[in-house]
Structures are given as structure tokens and as C-alpha cells.
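> Next comes the sequence, and after it the predicted model I'd like to discuss.
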Amino acid sequence: MLDIRNLQVDFRTRRGTVHAVRGISFSLENGETLGIVGESGSGKSVTSYALMRILDAGGSISAGGVTYNGTDLRHASERDMRALRGGEISMIFQNPRAALNPIRKVGAQIEDVLRQHGRATRADAREKAIQALKDVRINDAEARYDAYPFELSGGMCQRIVIAIALACDPNLLIADEPTTGLDITTQKTVMDLCRDLIRARGMSSILITHDLGLAAEYCDRLAVMKDGQIVEAGPAADVFAKPQHPYTVRLVDATPRPGAGIRDLLPAEARTPLAPHEIGNKPILEVRKLTKTYPGKSGPVQAVKGIYFTIHAGQSVGLVGESGCGKSTTSSMLVRLLDPTGGEILFDGQEIGAIPADKFIRDPRRGEIQMVFQDATDSLNPRHTARDAIAEPLRRLGQMSRASRAARVEELADLVGLPHALLDRWPHQLSGGQKARVGIARAIALDPKFLILDEPTAALDVSIQAVVLNLLADLRARLGMTYLFVSHDLNVVRLLCDHVIVMKGGQIVEQGAAAQVMTTPSDPYTRHLLAAAPQPPSPPPKSQAAE
Amino acid sequence: MSDATAPNQSTWAQIVYVLRDNPVTLIAFSMCGFFLLSAIIGPYVVPYDPLQTNAANALQQPSWAHWFGTDSLGRDVFSRVIVATRLDLTISIAAVALSFVIGGVLGAIAGYWGGWWDIVLNRIFDTIMAFPLFVLAMGIVAALGNTVENIIYATAIINIPFYARLVRAEVNIRREAGFVQAARLAGNSHPRVVAFHIFPNALPPMMVQVSLNLGWAILNAAGLSFIGLGVRPPTPEWGIMVAEGANFIVSGQWWVALFPGLWLMLAVFTFNLMGDGLRDLVDPRRRT
Amino acid sequence: MSPRLQALAVRVLQTLPVLVGVVIISFILTRALPGDPAAYFAGVMADEASIAETREKLGLDKTLIEQFFVYTADLLRGDLGVSLNTGRPVLTDLAERLPASLELTLSALVLSCLIAVPLGVWAAVRQGSWVDHLCRVLVTAGVSLPTFFTGVLLIYIFYYLLGWAPSPLGRLDFIYLSPPHVTGFYLIDAPLAGDWETFFATLRQLALPAITLALFTLAPIARMTRAAMLTALSSDYIRTARAAGLRPRTVLFGYALRNALLPVVTTLGMVFSFVLGANVLVEKVFAWPGIGSYAVEALVASDYAAVQGFVLAMAVLFVLLNLLIDLSYALIDPRIGFGAK
């Protein structure tokens, strides 16, 4: 039904023409689900905008063609395209809250589409809009009709976007990263809903995603894109099990999956044996009845409700939970940026929780507890070069001469694998992976004993995530650091951690050895989390996991 | 910062780069240079004494002897226009510098510490902004007395809220940023974090504000003297000169008002155009 | 009470502290006069006795706190003092001249909105085209124009050179009689009296000063409209709307413009501040009998009660206008009152 031949999309910018899509071809059969997978900048979203002809200003199809059921979409009139968009081909987008008009009732937004395509009259529009809401399994659809997007959760907003897309019974649904920004359990609900609706209506669909695991679970066929080209295409299970193109091999390797160890994420030639890390008997950090209460508009809000746990020297502990579970609040208190409301934090046997954060700055132990921040871009000062950023803790806390400081910065750069030539660059001149390395170098500059990793790979592409995770594993073995790895993703946590703590609603619901929590979880919530993670087909074991 | 590499050289490179990149910026900076030059050496090079009256030579059309003509007292309009540059620029630059410093500090305090500081300071700024600004400036100058210093103070006071609010917003969105927390972990006290890590990031938008405000400040000062506040005749000042010329416009002697007005307009225009260039100068992200 | 109504009520109540602040500042201004305020308020011609009398009358012999309460009590009674120039209560003078100023200001604002909003929308839709460049030039030139100079220039061109405009003196040429007083707005009173000739004469007289003011306010409104439209047009919800096949007109006006109007409405507050200030200058240039020229005359004669009364009146007017803007903002934006701006 859909046939794309040698499609090329160019963007005219002030610095010249950018070839976003460089001649791709694929076709889609009735009732088929195609996954287009690629990392950021691969041109996967642009492809979908091009076939809908909703490219941003400056973008145009420069060659090739798109045929939909015999219609040439590249040359169709704007009027015909309008009838097609939303009527025959629909799209859903990432970041659902932003994808809805913030000042229009969601029901009215559905009506707009229905009436545009002549599917409803003024008289029955409301009724049909409510039916569309019911179709996406929204409870109490009549009441939701009058809601504004800001009153709804992210998952609910995505259902509204789906309702808008499906209101006029299109034949093809294009989903552009539909679950980015949603929690993992919401992600599963939304994806399952999409799949059920597509099957029930016998539609075709294209899923555009960066997550190979997600695509493999929900799609019949996959096309892998890199730099504006399709490097490999085929049935989902085949692409995952027997990747042909070197890029796909690397992508499959880098995707965290059951049975794979941390080294397995790297290309085969880089899989050096992992040095073991020693776990001591002495607890380095003990948390007792740690509590944090924020003043809220409607009474105080308890973000962390009296939690207990112990971390041993040399151990790597994962702190897992969905957004709002209190894991970030906990890590901020542990790193002593935030004062707890109650409870104790014992570091090396001494209580540090009672020292106000403002005083702890001058505490000799300041350098011993450090943190790698979530978003490498956000955590580097745009006005400081990489060298300045790494040198900052040395300058403030290191008490060393200028010359030895300079030497130390270069030593740190070597440790994290950052070429010296990059040290004098500004953050905006570095790639995501390089920024992550700068952040890590800064955090280990003072040889901390205890390092908190706050979702250090959340903003990175999978292949870079694989490299950064391995770098962290190597550093741990080399420097004997203790890690607290904060993440929403159990599959990633498992790779690096010996011990896992699962949080929900400010409380710890389960903790135990990583292998045990992952295989035989005792709490229903942990089971729920594990089930929600995408289940890519397990590839045949190629090498023994280095565990 | 102390470890930055060869700041002087890179600053020069940055200036050259910014000027080359955008012709509008180049024009604006050249015009600004012209006005600064007029302000500095103007009084020594003009052909006539700007205060010298000559009743026999009143209201002469522009000619080779008097490029911009003469006014009702026979004074040379060209000399007066050029000499006035120094006074007008001094007023605006001094006023903007005052409000930049005071507004910046207060805004950073309100944005970073929040709480009572924020509430009290915001109340004060709200109250200042509750007046139409030019009217407040009129009230202040009328109350404090008719002097150039008071024009500067009045202009500074009405501009402080702009800087304070801008800096407050810029500081506030970065208060929880990763790099700020990292700076705290590196052992920086709160004042250090604000002064050396957050505030410099507010500079690019502040520069745009500075360029707009330099323009407003001149307009404001000229407007005040136009209605008889602040600078007094016979001191040459663009606003007063337009006011004097306005009396003769209905009888067709256009040059008396046109040239000072034109100069005033050009100066404001120049400052407004400089905004993007000034911003690019202080923004490292513009470097490639 | 719904959170929305509550938020609106809070907004109305918020004007109270601002008004108190305004009163405090204007009190400080009246007491900050260099030298002896009593001497100023008594006037230039006053002798020792009348200065002493003024001092007592103004309560300047009391403590500052007491003086403040006396001052506030006077304000509440509507007592702004007596103008030296006219010998009448300042409040009466201001009330009489306010319609002239409002008529000028509001026509200028309406005129500039009618031009600036479409221009900004057009420039945003055709980003990078000649309309966009024209918009940018107009915007930068517009904020650079000293209003008093534009006024003088327009008079020279349209009155002296072309002779299209009537003599730039006041609201109405002397051959016409002002229409019977109903609202004080000649543009309303004249048609009410069925006097269309006066109406058009008023319009002709109003044209130049209104254009002068409009030129000045055009720039901020057009710039904000363009920026807000660009933001709105590049938002995700516009892409959703386009992907759903909605008509370009619906997308542009129903979705983008309605969202873009929010920041534009907010900017109007700033524009009011500009326009009320520029009003003073324009009134002087065109000898417009409003409160601005009243204040200028008072300044020349060191008539401080009148000047301070004027400053206070303008501030109160501006506070009320801002309240109006915020309330109308709440009508467009459903998010008011939910903390999710």
C-alpha cells in the first residue's frame, strides 16, 4: 500500500544544504507493522514527515517518490494531501503533552479532526468525539471531553493523541517515538493499546524509535537507519538474531537484553576481560530512617518516607524506580546537596546527615562523596571549557599547585579516554559521549570513595551508553570506588550492579542481590517493572557473559 | 577564570568573528564608534562655539558656512548637535551602568535565594513598574530637582526592574541545573556559585537588554528635557534643541528641529542595532 | 470556589499592595522636594506667613508616619491639593482633562494593534520574506523614533508642506464648538449629538497625534506578535494539527494565533506604560488639552501639587489597565489558577 522509492530529503540552512535522508526505499503491505530504528540524527523522523509532507521550513523532497495506494504523494495537490492526512494516514508523536493544543479542550481537538474530514456534523461531533475517547480506553470519557491537556497525565495525553489520530479510521498509523518521556509501565500500556487498536482495525503501521528492543517486540519487520540511509531491513527476529550490517551488529550488541553482560554491549573486538571489583565487609554508607518532606500547596508532601539501606565498600548498588518515586531526592540527600528532614546518613561510620549542606562544602569529606549528573549537557557550564570543568573541584578543594593541577587534569582525561585536544573545547563543541566523559572525569577528580551515578546514560544513544557503562565498570575496578547507580531501567542497572534497591512512592519495596531481584522478584511492583521492559528476542549466546 | 587559555587573544578573535559574521553588527559598531568619537573630541573640533549667539545670523538655511543652518539666536546647529553628543551619551551610559549593577545584584539575590528576598524585592519592582516609567521619571526629577545627576538617577531607577527581573529569571532556571550542583560538589559556596557559575550565563540576554536600554535612556533624557526638565538651555542637548526647533516648524524652518532629532534617532537606532552583536560577543556558544 | 475564580480573586486583591506601594512612592516624592516642601507648595510668590500656613496645612510639622496617614486620608477623600496655575482642586482639573488623553491614547493603541498584529502574523508566516524584513526594519526604526520628534516631523510634512492636516492645536479647530458633554470623548459625544461635521473635524485633528503615538507602540506589539507566532508555529501541537489534515486557516488562526495572543496580551502592559509616558510628549507637541500637557504646564510653573497629582493619577490608571489585561488573559488561558503556566 505504501511504497517509497529512493527518497531524498534536503534541508536548506544558512550553512548550506543538509542531506537528511539520502535515498531510501521501502514498502509496506496491508496490515503490516514496520519498525524504523536509528539513533538520533539518523533521519528516521524526517522520513515520516516527508511522506506526510509536513516538513519544517527549508526542508523538501529533492528526489525519489512516495506512492500510497497508487497516489503520488510527492506531487499530490495540497488539497488532496489534507484529505489524506488524518483521514488515510495519521501520526502520533513523542512528548504527547506538547503535541496537544494547550488552550483547547481535548474533546474539541478531536472534533476539529472529525469535522475537517466530514466524519461528523455539528450535531453529532461531541458524541463521536466521546466515542473516540472510549475507543482508546479512557475511563469517564464524557468528563475527559472537557479537560485541557495540562490537567491530564502524560500517558493520558498520549491516548488523546492516539484518539485524534484514529478518529477518522485511517489505514496507516505512523508512531514517531510515541513513548519517549513516558515511564516504563506507561510505555507498555500505550504500546499495547496501539498494537491492539491496529490489529482490531486491520491497519498498517510504522513505528519510529531509537529503541531496538521496543521495535523488535512490536514490529513484524525492521529497517535500521544510519546517516539518512537504510543499512539493513528484514523480519524483526532475523534482524535481531542475525544482524548482517556492521552497524546493526553494533546496535544489537549495545542494546541491553536478557543474558548479556556488560562487556557484551561492546563490539566483539573490544570485549576485553572485565577486571573484578572487590567488595569489602565494612559498610561505607548506612542510611537509617531517612525522610524528606517538602512543603506542598495542599499540605506537606513526603518524598522519602523513612528508608533504610547499607552499602558496603566497593559495592555497586542500583536504585531503581519510576519518576516521582523519591530516588532523585534520596540521591541528593546522600550527596549532601539537600538536607534530610529526618534520619541518619552514616558515611564511614560517622553521621553526616546532620551537617547542613551549606556547611558540608567546607567539610574534609566533601571530596569523598561525588556525583555524575543525569544530563551531561545540563551539568556542564556552557561558559567553561572541558578543562575548566574538570579542574574546578581540584581548584576549590584540591589544594594543589597550578602545574600539578594541569597534570592531574590530563591524567583524568586519559583515565576517561578523552583526547587532550578536546580539553580546550566548550561544551557545545563536544558530542554527548564526550560530555559524559567530562562529567565523569570531574566527578572522580578528587578520588572519591563513594560515587553517585544519577541516570548517567539516560540522554545518550545506546551505542554510547554501552561505552560509558563499560568505562564506569573499568574505573570502578581500577579506583576501587563504591557506586550508587540511580536509574529507571532495571535492564541497565543489572549490568553494573551487585545489589538492587527498588523504590516506589518514597518507600523501598524490595532490595537484594541483583541476580535475585531480576530473576525471582518478591514484590509485585518489581515484577510489574520487569514485565513492562521491552522483551527483545534473545539472540543465540555468542559468548559467555563475563560475570 | 584563572585557568582559561589566553583570554585576550580569543576575545579579539571573537570580536573579529562577530563583526565579520553580521554586517548589521559591523555597521552598528562603526556608528557607535562615530558617536563615541563625537563625544570625546567633538567639543574641540566643531567650527563654532555652540553657545555663541549672533542675532544678525538667526534662522539661516543650511549652507557651506553652517552645514545644519542656524537657530533663532544665530547659533550654529551643527556645532550644537555634535557637542550635545557627550552629554546625551554620558547620561545614558551612566544610567544604564547603574541599573545594570544594581538590578543585576538584586535580581541574582532574588532568583537564587528566593523566599523573603524574592517576595520583598519583587514587591518593590512591581511598585516601580506600576508607574508608567516616563511619568515616574518626571515625578522623580521634579521632586529631586532639575539637574543632570537627577536625570541619571531617575533613568537608572526606572530601568532597574528590567535587569532585576531578567537576571532573576535567568538565575532561577539555572538554580537547579546540573552544572550548578556540580559546582556545589566541587566546594563552591553559594555566593561563589551565583557570581562565577550562574551570573555569567545571564550575560547574553542582559547584553540585548543593555542595548535596548541605552536607546531608551537617551530617549528618556531627551524627552525630559523636551518638556523642560533636567538639562536647561542654553546647554546644547538634543531634546531641548528639538523643543526649540518645534516652535519654528509650523513656519517652515525645519532644520532647527530636524538635525538634532535625526541625531537623536540615529543614536538610539545604533544602540538598538548593537544588541545582537553585544550578545554574540559574550556568548561562547557563538564560537565555532 | 473553583480554582479559576479563586485565582482571579487573588489577582484582583493583588492590586491592593501595589496601590499601597504607589501611594508610598508618591508620598516620598512629595516629601523629597529639595529644600523646604512647604515653600514649594506655597508657590513662588509666597511670603513667610503663607509658607508657615502651608506647612501647617500640609501637616509638615508632624512626624513622617503621621504625615503619611494624613496624606493617605486626603487621597481617600479625593483631595490632591490645589493647583497654583488654575487655582482649582487638582482632582477636578485631572478629571476634566482625562477624557482628552484617553481618547488620544486609546485611538493610538487601537490603530497600532490593527496594524501591528496582522503585520507580526504575516511576518512570522512568511519568515525570511520581504514582509519579514520590512517588519524588522519597522520594528527597529519604530523603537528608535523619539515621539516628540516624529510629531514635529509629521506636522512639518502634513501641515506645513502638504496642508492636509489642520493646525496642530488642540482637539478641535476653533471654528467648531465642542459637542455637549456626555462621555467627554468627542468621537462618541459628537455622533450622539448627531453632529457628524464635528465628528470628522475631531477625527482630522486626532489623526496626526494618534499616528505619532501609534508609530511608537507599533514596534513592541509587532515584534512580540512575530516572536510569539514563530514559537507557536514551531510547536508540537501545530505539527499534530497539520498531520491531522486540518485546514491551514484553522491551524493558523484557531491553533497558532490563539496561543500566540497570550504573550502579546502580556506585552500590552509594557506598551501601556510606554504609551502613557509618550502621551505627555505628544500632548505637548500638539497642544492637546489632556492631563499630560497639564502636567507639563504645571512643571514649568513649579506647580508641584498638580505634578504629583498627575503622577499618582497616571499610576492608578496604569494599575487598573494592567488588572484589566491580566483578567482578559485569564479569559483566554484555561491554565490560570492551576499553577501550570
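That came through fine.

> going forward, measure contacts between C-alpha atoms and count neighbours the same way
Will do.

> Residue of the stretch 151-300 of chain A closest to chain C, please.
A:Ala165 (6.7 Å; C-alpha to the nearest C-alpha).

> isn't A:Lys289 right up against A:Glu344?
Yes. If you go by C-alpha atoms under 8 Å, A:Lys289 and A:Glu344 touch, sitting 6.6 Å apart.

> Comparing the two, which residue is more hemmed in?
Per other C-alpha atoms under 10 Å in any protein chain shown, whichever of A:Lys289 and A:Glu344 has more neighbours is A:Glu344, with 21 against 14.

> who's in contact with stretch A:163-174?
Stretch A:163-174 is contacted from outside by A:48, A:86-92, A:109-110, A:113-114, A:117, A:119, A:129, A:132-133, A:135-136, A:202-208, C:244, using C-alpha atoms under 8 Å, 6 or more residues apart in numbering or on different chains.

> Would you list the buried entries among those?
For these, a burial check counting by 16 or more other C-alpha atoms under 10 Å in any protein chain shown picks out A:48, A:86-92, A:109-110, A:113-114, A:117, A:119, A:129, A:132-133, A:135-136, A:203-208, C:244.

> so which of those are also by chain B?
Residues of the buried ones among the contacts of stretch A:163-174 in contact with chain B (C-alpha under 8 Å from any C-alpha of the partner chain): none.

> Now, those that are in helices?
Per DSSP state H, helices hold the following members of the buried ones among the contacts of stretch A:163-174: A:Ser48, A:Gln109, A:Ile110, A:Val113, A:Leu114, A:Ala129, A:Ala132, A:Leu133, A:Asp135.

> Report whether the longest helix belonging to chain C contacts chain B.
The longest helix of chain C (DSSP H) is helix C:196-233. No. Figure legend: helix C:196-233 not in contact with chain B (C-alpha under 8 Å from any C-alpha); closest approach 11.7 Å.

> Report the mean confidence score over that helix.
Helix C:196-233 shows an average pLDDT of 87 in the prediction.

> what's the answer for stretch C:134-145, then?
Stretch C:134-145 comes out at a mean pLDDT of 81.

> Stretch B:91-109 too?
Stretch B:91-109 comes out at a mean pLDDT of 92.

> Next, the buried residues of it.
B:91-96, B:98-100, B:102-109.

> what's the offset of that stretch from the middle of its chain?
11 Å (C-alpha atoms, centre = their mean, to the nearest Å).

> Stretch A:156-163 too?
For stretch A:156-163, the distance to the chain centre is 20 Å (C-alpha atoms, centre = their mean).

> Using PDB, write out every CA atom in that stretch.
Provided in PDB are the C-alpha atoms of stretch A:156-163 (Å, rounded to 0.1, in the frame of the first residue of the first chain):
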ATOM      1  CA  MET A 156      -3.400  10.100  29.200                       C
ATOM      2  CA  CYS A 157      -2.300  12.800  26.800                       C
ATOM      3  CA  GLN A 158      -0.800  10.200  24.500                       C
ATOM      4  CA  ARG A 159      -4.100   8.400  24.500                       C
ATOM      5  CA  ILE A 160      -5.800  11.600  23.400                       C
ATOM      6  CA  VAL A 161      -3.200  12.000  20.600                       C
ATOM      7  CA  ILE A 162      -4.000   8.400  19.600                       C
ATOM      8  CA  ALA A 163      -7.700   9.200  19.700                       C
END
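
> Identify the residue nearest C:Trp122 in space, chain neighbours excluded?
C:Val131 (7.1 Å; C-alpha to C-alpha, 6 or more residues apart in numbering or on different chains).

> so the one you found sits in a helix?
Yes. Assessed by DSSP: H, G, I helix; E, B strand; the rest coil, C:Val131 belongs to a helix.

> burial count for it?
Other residues within reach of C:Val131, judged by other C-alpha under 10 Å, total 17.

> so who does it touch?
Contacts for C:Val131 (C-alpha under 8 Å, 6+ apart) come out as C:Leu119, C:Trp122, C:Ala123.

> Likewise for B:Phe134?
Going by C-alpha under 8 Å, 6+ apart, B:Phe134 touches B:Asn220, C:Ser273, C:Phe274, C:Gly277, C:Ala278.

> mind running it again at 6 Å?
Neighbouring residues of B:Phe134 by C-alpha atoms under 6 Å, 6 or more residues apart in numbering or on different chains: C:Gly277.

> so where's the stretch 401-547 of chain A uncertain?
Residue ranges of the stretch 401-547 of chain A with pLDDT under 70: A:536-547.

> What about the closest residue to chain C within the stretch 401-547 of chain A, how many residues nearby?
Proximity of the stretch 401-547 of chain A to chain C (C-alpha to the nearest C-alpha) peaks at A:Ala459, 20.3 Å away. Neighbour count of A:Ala459, defined by other C-alpha under 10 Å: 16.

> same check, this time on B:Trp12
Neighbours around B:Trp12, by other C-alpha under 10 Å: 12.

> With A:Leu475 instead?
Once other C-alpha under 10 Å is used to define contacts, A:Leu475 is seen to have 18 neighbours.
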